[in-house]
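1. using only what follows, build the 3D model:
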Amino acid sequence: MAAHPRSLSGLSRLVLISAASLLILGLLTLGLALRNAEAFAREEARTRAVRTLEALRADLRLPSLLNLLGESTRFQILDGTLIVPEGIASLDARTRDQDTEFREEALRNRLDPIQNRQGLDRVLTVIEEELQQREVVDVSTLLLMNEGAWRAQNAISANPASDPSLVERRDNFLQGYDTARFKYEARTTNKIPVLIDRSAFLLRARAGWLAPDWSRELLAALAPREGEALTDRAAELSPGSFSRSQFKNTLLAMQKLWAQRALLEQIRSRVGSLLGRKKAWHRIEGSQILLWYPAPGSQPSGKEEGQGALVDQDHLLARLRAATGDAMRAAEAGLLPIAWLGTLLRQEEAPSHGLAVWEGLWLLPESPTSTGFGGQPWFLGLLFVTVFILLIVGLWQILGSMKRERAAMALRSEFLTSVTHELKTPLSSIRLFTEMLADDRVASEEKRSQYHRLLAGEATRLSALVENVLDLGRMERGERSYDLRREDLIALVDEAVELFRPIAQAQGMTIRCADTPGEARFVNADRTALMQALLNLFENARKYASSGRQIDLQWEEGENGARLWICDQGPGIPPAERERVFERFRRGESQNDGAIPGVGLGLYLARRILRAHGGDLQIVDPPPDSKRAEPQGACLLLRLPLDPNPSTSPETT
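-> Purely as a prediction, here's the structure:
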């Protein structure tokens, strides 16, 4: 038997080595597959990025791209000359130094005599008389009208309930200013000083008038920041919501003109670099991109034609992405659809794996980990984890199976040792008593009778042990059957007691039966199997309670059948072990040292037999009305259903 554990240990090592080898091989295979899949995914991502880049470059060569951009970013060249749109050609900025006719000092000298006269009415009258005497409109005329209108407006603002004629005189000054302004521009090529127009512009807002027709000319002469400040101030002074919104709309229109004028000023210096190019061309200028699309056909040198745009890069990409992300929208815009697979990155140095879109802009392919199913990294990772778990579970199952096999082999070895010892004990007794009787070494008849009873008891004990072993095999194979007949349970118990009594007496133990009914109690049972179960219970009490001197049997009947308590005076069985001792080859923890020989089958087989008869076997506390002097020890409760109809004939199953 010793060779089996060693051979099993060798098999265990072989299985462990094989499992570890499979695990390592699986890890290497998965690692290689993961690396190949990652390389494949990276190449696929680069291929998609290249397609995106090719479509983007193709759209940059199409003039229809300009339709996505606003007019403030576009320009046109005809016959080699930059075209200035209508409304911008005459919008040159004006300054005081450019106006030779306007001198503030001279105007102050002409206004001081008027300002020094007392009374508003007198001042306005003097201004009106002065204007009537003038035949030629000059800057001083405009200044006088402006001064008169302001004086009237200040008086109206200070006292809204003033004479209505004052409002009329103010309006006359404002209307006269517009007429005089028109005459002045018709008479001379000089520009009206910005200072006078700004004053008249704010006066109109304060008076609640709408912005004049010449307001765009005034705002165009200013820098964008000055023009915005002037228009915001006019909107604040205007008392009506309609006039305020009208001033704001004027500002919005001017902002577009300012942007377009700024663009043309930038393009004017670049016209020379655009002429002569026969194909679509672009160049990066800081955060902007310059686009140029020459007109089809050949023109003489210096007379080339075409159109282009100077636009912010991010704005261009945003409009292009919105127009080409869908095939239908791209077709409507006259562009090629773009899948936009990848990430746009703006930096000077070339990134790893980046594709150049244009100077400072790169297209990065998608990360391989973001790809989908089928051989992709996340799927392989999941597959790796699954295979790893399966290998671990399989290895765990193998180790558990090997452990159980080793435990079973150790149990078989212990079982054979125990059975050998159990067989040897009654055989030794039988041989001893047989030799003594054969050699006529027993003098008295009483002794011979006692030895004969001992021989019968040991033979019964030996037969029960052999039957236990045979029963175990039949039960495990499912071949155990029972010959159920109508038997007297009281007589069966008495017979078992009488068979076991000589063995108990040989160890100084007695068997006491209490409350046994005098009449027969019938059960449907296999006599041999039930006798075997009773003898197993008696033998268990004799073996493990030999320190006690008595085995008590107590009978009880109820609606559910008969109950028989078999109690000893031994050390007892702890509550935690009362179910475990009914397992096959299981003994109490206190008996694991082997001091008391035993196989661990008696209680297991007894319970199986009783449950096959419709009963049960349990370890319980002693019954409440027990007459035992000492309540300690183990107490086995045997339950069996009684035959409810005593007249029933015996039945065999």
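2. neighbours around the closest residue to residue 641 other than its chain neighbours, how many?
-> Sequence neighbours aside, residue 561 is the residue nearest to residue 641 in space, at 3.9 Å (criterion: Cβ to Cβ, 6 or more residues apart in numbering). The C-beta positions use only the backbone N, C-alpha and C, and glycine is treated the same way. Using other Cβ atoms under 10 Å, residue 561 has 18 neighbouring residues.
3. number the chain from 551, please
-> Done: numbering now begins at 551, and the last item shifts to residue 1111.
4. and residue 1111, what is it in contact with?
-> 1165, 1189-1192 (Cβ atoms under 8 Å, 6 or more residues apart in numbering).
5. going through these, which ones are buried?
-> Using 16 or more other Cβ atoms under 10 Å as the burial test, the contacts of residue 1111 include 1165, 1189-1190, 1192 as buried.
6. from those residues, which ones fall inside strands?
-> 1189-1190 (DSSP state E).
7. mind picking the lowest-pLDDT entry from the buried ones among the contacts of residue 1111?
-> Across the buried ones among the contacts of residue 1111, the smallest pLDDT goes to residue 1192, namely 89.
8. distance of the residue nearest to that one when sequence neighbours are not counted relative to residue 1153?
-> Of all residues beyond its chain neighbours, the one nearest residue 1192 is residue 1111 (4.8 Å), with distances taken as Cβ to Cβ, 6+ apart. Distance of residue 1111 to residue 1153, computed by Cβ to Cβ, to the nearest Å: 20 Å.
9. wait, isn't residue 838 in contact with residue 859?
-> No. Counting by Cβ atoms under 8 Å, residue 838 stays clear of residue 859, with 9.5 Å between them.
10. mind pulling up the pLDDT for residue 866?
-> The model's pLDDT for residue 866 equals 90.
11. figure out the helix or strand that the residue nearest to it when sequence neighbours are not counted lives in.
-> Distance criterion Cβ to Cβ, 6+ apart; nearest residue to residue 866, sequence neighbours excluded, is residue 839 at 6.1 Å. Using DSSP states H and E, residue 839 falls within strand 838-844.
12. how about residue 859?
-> Secondary structure assignment for residue 859, by DSSP H and E: strand 856-862.
13. over to residue 597?
-> Per DSSP H and E: helix 553-610 holds residue 597.
14. looking at that helix now, give me its mean pLDDT.
-> Mean predicted lDDT for helix 553-610 stands at 74.
15. now swap in stretch 684-694 and tell me
-> Stretch 684-694 comes out at a mean pLDDT of 79.
16. show me where the stretch 1001-1150 of the chain has its strands.
-> 1035-1038, 1060-1064, 1072-1075, 1100-1108, 1111-1117 (DSSP state E, counting those that start in this stretch).
17. all helices of the stretch 601-750 of the chain, in order?
-> Along the stretch 601-750 of the chain, counting by DSSP state H, counting those that start in this stretch, helices occupy 654-666, 670-683, 689-708, 714-737, 744-757.
18. adding mean neighbour count, write those out as JSON lines.
-> Shown next, in JSON lines, are the helices of the stretch 601-750 of the chain (neighbours: other Cβ atoms under 10 Å):
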{"stretch": "helix 654-666", "mean neighbour count": "12"}
{"stretch": "helix 670-683", "mean neighbour count": "14"}
{"stretch": "helix 689-708", "mean neighbour count": "20"}
{"stretch": "helix 714-737", "mean neighbour count": "16"}
{"stretch": "helix 744-757", "mean neighbour count": "21"}
